[in-house]
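Q: sharing a model that was predicted from the sequence below.
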Amino acid sequence: MNQNKTLIAYVSKSGVTEENAKIISNILNSNYGFEVDLINLKENSKPDLSQYDNIIIGSGIRMARWYGKANRFLKNDFKDKKVAIFLSSGTAGVPETHQEAITKYIDNKLTKNPHVKPVLTEAFGGRYSNFDYTDPEKVKAWAIELGKKLSV
Ligand SMILES: Cc1cc2nc3c(=O)[nH]c(=O)nc-3n(C[C@H](O)[C@H](O)[C@H](O)COP(=O)(O)O)c2cc1C
């Protein structure tokens, strides 16, 4: 059996989380040989998790909230699977407010969901109106670090 069958389950409204999901998928597949399925939770909100060793959850942030379907997906019992989380948020892309975004959108969320113990998390910059805080190189570097954590 492939020991690193991986699901990236995401929700994206302005497209950034989807772009980042693809970057992460490509790195895990090409650098580490993982078999990766990408699932848009808007199209399939209840994928069968039994076949996966790793679950990576991606969501954008609007009005200081995770997208609803990603939030609901987080309620799953991930049992002994390795979990990682990545978000896209406007404030996360600005150095002065990056840590605030981590606290609000990741740390507080994990406090409310103690059953989720991710091996790695990050909030990447997003895109809205005239602002573009996306950073694909940062996403690639994160995916490389994630691949190492999921390989042990
Ligand atoms: C209506 C709206 C509300 C938003 N609210 C927030 C917010 O509360 N905090 C934040 O950090 N970014 C906010 N953003 C920026 C989004 O996080 C950014 O558009 C990101 O790219 C969303 O992810 P997605 O592209 O995968 O949909 C908002 C964007 C829009 C359009």
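A: That came through fine.
Q: what ranges do the strands span in the protein?
A: Along the chain, counting by DSSP state E, strands occupy 5-11, 35-40, 54-62, 65-66, 82-89, 120-125, 127-128, 131-132.
Q: could you list the low-pLDDT ranges of this protein?
A: Scanning the chain for pLDDT under 70 picks out 1-3.
Q: picking that back up, quick one: which of the strands of the chain is nearest the ligand?
A: strand 54-62 (2.3 Å; CB to the nearest ligand atom). Just so you know, the C-beta spots here come from the backbone N, C-alpha and C atoms, and that holds for glycine as well.
Q: helices and strands around the closest one, which ones?
A: strand 5-11, helix 16-32, helix 68-73, strand 82-89 (3 or more CB pairs under 8 Å, 6 or more residues apart in numbering; DSSP states H and E).
Q: who in this protein is up against the ligand?
A: Residues of the chain lying close to the ligand by CB under 6 Å from any ligand atom are 12-17, 60-64, 88-92, 101, 126-128.
Q: repeat that with 5 Å
A: Proximity of the chain to the ligand, by CB under 5 Å from any ligand atom, involves residues 12-17, 60-62, 64, 88-91, 126-128.
Q: separate out the buried members of the residues you listed.
A: For the residues of the chain next to the ligand, a burial check counting by 16 or more other CB atoms under 10 Å picks out 12, 16, 17, 60, 61, 88, 89, 90, 91, 126, 127.
Q: all set, thanks.
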